[in-house]
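Asks: dropping the sequence and predicted coords here.
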Amino acid sequence: MAKHPLHHFIALCCATLPLFASAADADSPPASEKIARGLLLQHAGRMIFTPCRERTYVQLEDTSPGQQLSAALVKLGLAENKPLYVEFMGLAEADRLKVSWINFAHTDARCQASANPDEKWRALGNAPDWAMHLSEQQVRLEQAGQPEFRQKEIVIDASGEAVNIAVGKERPEQWRLTRQLCSSQDKNSLFGWQAELRRPGKLLRGCAWQGY
(Lines give C-alpha, C1' and ligand atoms only; values in the text may rest on other atoms or scores of the structure.)
Protein backbone atom coordinates (compact mmCIF):
# COMPACT_ATOMS: atom_id res chain seq x y z
CA MET A 1 0.00 0.00 0.00
CA ALA A 2 2.94 2.33 0.47
CA LYS A 3 3.18 2.85 -3.29
CA HIS A 4 -0.30 4.41 -3.44
CA PRO A 5 -0.51 7.88 -1.78
CA LEU A 6 -3.45 7.62 0.59
CA HIS A 7 -4.92 10.93 -0.54
CA HIS A 8 -5.70 9.34 -3.90
CA PHE A 9 -8.19 6.98 -2.30
CA ILE A 10 -9.23 8.37 1.08
CA ALA A 11 -12.03 10.91 1.39
CA LEU A 12 -11.76 12.94 4.57
CA CYS A 13 -14.55 15.35 5.30
CA CYS A 14 -15.14 18.54 7.21
CA ALA A 15 -18.70 18.33 8.60
CA THR A 16 -20.54 16.16 11.10
CA LEU A 17 -23.77 18.08 11.57
CA PRO A 18 -26.27 15.15 11.38
CA LEU A 19 -24.68 13.33 14.29
CA PHE A 20 -24.74 16.27 16.65
CA ALA A 21 -28.36 17.29 16.31
CA SER A 22 -30.41 17.93 19.43
CA ALA A 23 -31.63 14.89 21.39
CA ALA A 24 -34.84 13.27 20.15
CA ASP A 25 -38.02 13.14 22.23
CA ALA A 26 -38.47 10.13 24.48
CA ASP A 27 -41.30 8.84 22.26
CA SER A 28 -39.19 8.95 19.11
CA PRO A 29 -37.70 5.71 17.70
CA PRO A 30 -34.08 4.98 18.64
CA ALA A 31 -31.59 6.94 16.57
CA SER A 32 -29.38 5.02 14.17
CA GLU A 33 -25.61 5.26 14.26
CA LYS A 34 -23.94 7.74 11.95
CA ILE A 35 -20.38 8.47 10.93
CA ALA A 36 -18.82 11.25 13.01
CA ARG A 37 -15.66 12.73 11.48
CA GLY A 38 -13.16 14.85 13.33
CA LEU A 39 -10.09 15.00 15.54
CA LEU A 40 -9.53 12.78 18.58
CA LEU A 41 -7.52 14.13 21.48
CA GLN A 42 -6.29 12.54 24.70
CA HIS A 43 -6.31 14.69 27.81
CA ALA A 44 -5.98 13.73 31.48
CA GLY A 45 -6.77 10.11 30.73
CA ARG A 46 -9.90 10.94 28.71
CA MET A 47 -10.53 10.87 24.98
CA ILE A 48 -12.07 14.06 23.56
CA PHE A 49 -13.62 14.28 20.09
CA THR A 50 -14.01 17.55 18.19
CA PRO A 51 -15.89 17.55 14.84
CA CYS A 52 -14.14 18.98 11.82
CA ARG A 53 -14.66 22.72 11.32
CA GLU A 54 -16.69 23.04 14.53
CA ARG A 55 -15.83 24.65 17.83
CA THR A 56 -17.58 22.03 19.94
CA TYR A 57 -16.22 18.93 21.60
CA VAL A 58 -17.59 15.86 23.36
CA GLN A 59 -16.15 13.18 25.60
CA LEU A 60 -15.77 9.81 23.94
CA GLU A 61 -17.28 6.62 25.35
CA ASP A 62 -15.91 3.43 23.79
CA THR A 63 -18.65 0.78 23.66
CA SER A 64 -16.74 -1.70 21.49
CA PRO A 65 -16.14 -5.21 22.93
CA GLY A 66 -13.36 -4.98 25.50
CA GLN A 67 -12.85 -1.35 24.43
CA GLN A 68 -10.73 -2.65 21.58
CA LEU A 69 -11.12 0.61 19.66
CA SER A 70 -9.35 2.60 22.38
CA ALA A 71 -6.48 0.12 22.46
CA ALA A 72 -6.19 0.15 18.65
CA LEU A 73 -6.16 3.96 18.48
CA VAL A 74 -3.48 4.20 21.17
CA LYS A 75 -1.45 1.67 19.20
CA LEU A 76 -1.94 3.82 16.08
CA GLY A 77 -0.39 6.76 17.92
CA LEU A 78 -3.01 8.54 20.03
CA ALA A 79 -1.33 10.21 23.03
CA GLU A 80 -1.16 13.51 24.89
CA ASN A 81 -0.39 16.21 22.29
CA LYS A 82 -0.68 13.62 19.48
CA PRO A 83 -4.23 13.80 18.05
CA LEU A 84 -5.62 11.60 15.29
CA TYR A 85 -8.14 12.10 12.52
CA VAL A 86 -10.92 9.54 13.11
CA GLU A 87 -14.26 8.62 11.56
CA PHE A 88 -16.35 6.94 14.25
CA MET A 89 -19.60 4.98 14.02
CA GLY A 90 -21.63 6.20 16.95
CA LEU A 91 -24.44 8.07 18.64
CA ALA A 92 -24.36 11.49 20.27
CA GLU A 93 -25.94 11.76 23.71
CA ALA A 94 -25.80 15.21 25.32
CA ASP A 95 -22.08 15.97 25.75
CA ARG A 96 -20.94 12.41 25.04
CA LEU A 97 -20.24 10.45 21.85
CA LYS A 98 -20.83 6.72 22.28
CA VAL A 99 -18.82 4.89 19.64
CA SER A 100 -19.08 1.24 18.68
CA TRP A 101 -16.68 1.09 15.73
CA ILE A 102 -14.53 3.12 13.36
CA ASN A 103 -14.66 3.66 9.65
CA PHE A 104 -11.18 5.11 9.26
CA ALA A 105 -8.39 6.71 11.32
CA HIS A 106 -5.11 8.37 10.33
CA THR A 107 -2.11 9.83 12.14
CA ASP A 108 -2.33 13.01 10.02
CA ALA A 109 -4.67 14.98 12.29
CA ARG A 110 -6.35 17.27 9.79
CA CYS A 111 -9.64 17.29 7.90
CA GLN A 112 -9.71 17.41 4.13
CA ALA A 113 -12.35 17.75 1.45
CA SER A 114 -14.75 14.90 0.73
CA ALA A 115 -14.58 13.03 -2.57
CA ASN A 116 -17.18 11.58 -4.95
CA PRO A 117 -20.42 11.14 -2.96
CA ASP A 118 -21.58 8.35 -5.29
CA GLU A 119 -18.87 6.00 -4.01
CA LYS A 120 -20.30 3.81 -1.26
CA TRP A 121 -17.21 1.74 -0.45
CA ARG A 122 -13.49 1.90 -1.07
CA ALA A 123 -10.71 -0.56 -0.49
CA LEU A 124 -7.00 -0.87 -1.13
CA GLY A 125 -4.25 -3.43 -0.74
CA ASN A 126 -0.77 -4.37 -1.84
CA ALA A 127 1.26 -7.22 -3.37
CA PRO A 128 0.18 -6.21 -5.98
CA ASP A 129 -0.97 -2.67 -5.23
CA TRP A 130 -4.69 -2.23 -5.93
CA ALA A 131 -7.59 0.14 -5.19
CA MET A 132 -11.33 -0.52 -5.45
CA HIS A 133 -14.16 2.04 -5.76
CA LEU A 134 -17.76 0.82 -5.42
CA SER A 135 -20.97 2.72 -6.14
CA GLU A 136 -24.52 1.46 -6.56
CA GLN A 137 -24.08 1.53 -10.35
CA GLN A 138 -20.64 0.02 -10.87
CA VAL A 139 -17.37 -1.16 -9.39
CA ARG A 140 -13.95 0.01 -10.52
CA LEU A 141 -10.69 -1.79 -9.73
CA GLU A 142 -7.22 -0.36 -10.34
CA GLN A 143 -4.40 -2.89 -10.06
CA ALA A 144 -0.69 -2.38 -10.64
CA GLY A 145 0.39 -3.76 -14.02
CA GLN A 146 -3.20 -4.43 -15.14
CA PRO A 147 -5.74 -2.46 -17.19
CA GLU A 148 -8.49 -0.82 -15.17
CA PHE A 149 -11.41 -3.18 -14.50
CA ARG A 150 -14.99 -1.85 -14.57
CA GLN A 151 -18.22 -3.79 -14.12
CA LYS A 152 -21.80 -2.55 -13.95
CA GLU A 153 -23.33 -5.98 -13.32
CA ILE A 154 -23.07 -5.98 -9.52
CA VAL A 155 -25.27 -7.16 -6.64
CA ILE A 156 -24.53 -5.73 -3.18
CA ASP A 157 -25.79 -7.56 -0.08
CA ALA A 158 -25.01 -5.72 3.17
CA SER A 159 -25.91 -7.56 6.37
CA GLY A 160 -24.45 -6.19 9.58
CA GLU A 161 -20.93 -7.51 9.89
CA ALA A 162 -20.29 -8.10 6.20
CA VAL A 163 -20.90 -6.71 2.71
CA ASN A 164 -21.02 -9.31 -0.07
CA ILE A 165 -20.58 -8.13 -3.64
CA ALA A 166 -21.32 -10.35 -6.64
CA VAL A 167 -19.40 -8.91 -9.61
CA GLY A 168 -20.46 -9.95 -13.12
CA LYS A 169 -23.40 -11.89 -14.49
CA GLU A 170 -21.89 -15.14 -15.74
CA ARG A 171 -19.94 -16.88 -12.94
CA PRO A 172 -19.81 -13.71 -10.83
CA GLU A 173 -16.73 -12.97 -8.78
CA GLN A 174 -17.33 -12.97 -5.03
CA TRP A 175 -15.96 -9.94 -3.20
CA ARG A 176 -16.44 -9.54 0.56
CA LEU A 177 -15.93 -6.74 3.07
CA THR A 178 -15.89 -7.87 6.71
CA ARG A 179 -16.17 -5.62 9.75
CA GLN A 180 -12.76 -6.13 11.34
CA LEU A 181 -9.92 -3.76 12.21
CA CYS A 182 -7.31 -3.54 9.47
CA SER A 183 -3.99 -1.64 9.50
CA SER A 184 -2.22 -0.13 6.51
CA GLN A 185 1.21 -1.42 5.62
CA ASP A 186 2.88 1.82 6.72
CA LYS A 187 1.02 1.67 10.10
CA ASN A 188 -0.25 5.24 9.64
CA SER A 189 -3.88 4.28 8.97
CA LEU A 190 -6.50 2.10 10.64
CA PHE A 191 -9.63 0.90 8.86
CA GLY A 192 -12.81 -0.67 10.17
CA TRP A 193 -13.16 -3.31 7.46
CA GLN A 194 -11.11 -6.02 5.79
CA ALA A 195 -11.49 -6.74 2.08
CA GLU A 196 -11.19 -10.00 0.13
CA LEU A 197 -11.64 -9.82 -3.64
CA ARG A 198 -11.77 -13.27 -5.24
CA ARG A 199 -10.60 -12.84 -8.82
CA PRO A 200 -9.82 -15.46 -11.46
CA GLY A 201 -6.66 -17.21 -10.28
CA LYS A 202 -5.97 -14.83 -7.41
CA LEU A 203 -7.22 -13.42 -4.12
CA LEU A 204 -6.70 -9.72 -3.37
CA ARG A 205 -6.62 -8.82 0.33
CA GLY A 206 -6.63 -5.38 1.89
CA CYS A 207 -8.53 -2.83 3.98
CA ALA A 208 -11.84 -1.09 3.30
CA TRP A 209 -13.94 1.84 4.50
CA GLN A 210 -17.28 3.45 3.70
CA GLY A 211 -17.57 6.38 1.36
CA TYR A 212 -19.93 9.29 2.06
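Replies: Sure, I can see it.
Asks: quick check: closest non-adjacent residue to the most centrally placed residue in the chain.
Replies: With distances taken as CA atoms, centre = their mean, Asn103 lies nearest the centre of the chain, 2.5 Å away. Closest residue to Asn103 apart from its sequence neighbours, by CB to CB, 6 or more residues apart in numbering: Glu87 at 4.0 Å. Every residue, glycine included, has its C-beta placed from N, CA and C.
Asks: who are the contact partners of the one you found?
Replies: By CB atoms under 8 Å, 6 or more residues apart in numbering, the residues touching Glu87 are 35-37, 102-105, 209.
Asks: report the buried residues of the host helix or strand of the residue nearest to the centre of the chain.
Replies: Per DSSP states H and E: Asn103 is located in strand 96-106. In terms of neighbour count (16 or more other CB atoms under 10 Å), strand 96-106 has its buried residues at 97-99, 101-106.
Asks: about what we covered before: report the beta-bridge partners for the residue nearest to Asn103.
Replies: Beta-bridge pairing of Glu87 under DSSP bridges involves Arg37, Phe104.
Asks: farthest pair in the buried residues of strand 96-106?
Replies: Farthest pair in the buried residues of strand 96-106 (CB to CB) is Lys98 and His106. Separation: 22.1 Å.
Asks: what about the strands in the protein?
Replies: Remark: strands assigned in the chain by DSSP state E are 34-43, 46-51, 58-62, 84-93, 96-106, 119-125, 130-135, 139-143, 149-151, 154-159, 162-167, 173-183, 189-199, 202-210.
Asks: among the ones you listed, which comes closest to Leu69?
Replies: Of those, nearest to Leu69 by CB to CB is strand 58-62, at 5.2 Å.
Asks: sorry, back to before: now tabulate the buried residues of strand 96-106 in a markdown table and tack on distance to Phe49.
Replies: Formatted as a markdown table, the buried residues of strand 96-106 follow (distance: CB to CB, whole Å):
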| residue | distance to Phe49 |
| --- | --- |
| Leu97 | 5 |
| Lys98 | 11 |
| Val99 | 8 |
| Trp101 | 14 |
| Ile102 | 12 |
| Asn103 | 14 |
| Phe104 | 14 |
| Ala105 | 12 |
| His106 | 15 |
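Asks: so the residue nearest to the centre of the chain makes contact with Trp209?
Replies: Yes. Here Asn103 lies in contact with Trp209, judged by CB atoms under 8 Å, at a distance of 5.0 Å.
Asks: pull up the overlap in contacts between the two.
Replies: The contact sets of Asn103 and Trp209 overlap at 87, 191-192 (CB under 8 Å, 6+ apart).
Asks: closest to Thr63 out of those residues?
Replies: Gly192 (14.3 Å).
Asks: hang on, isn't the closest one packed against Leu177?
Replies: No. Using CB under 8 Å, Gly192 makes no contact with Leu177, being 9.7 Å away.
Asks: okay, these two: which has more neighbours?
Replies: Leu177 (27 against 24; other CB atoms under 10 Å).
Asks: may I see the buried residues of stretch 119-139?
Replies: Using 16+ other CB under 10 Å as the test for burial, stretch 119-139 gives 119-126, 129-135, 139.
Asks: go on, stretch 73-91?
Replies: Buried, per 16+ other CB under 10 Å, within stretch 73-91: 73, 76-78, 83-91.
Asks: right, I'll leave it there.
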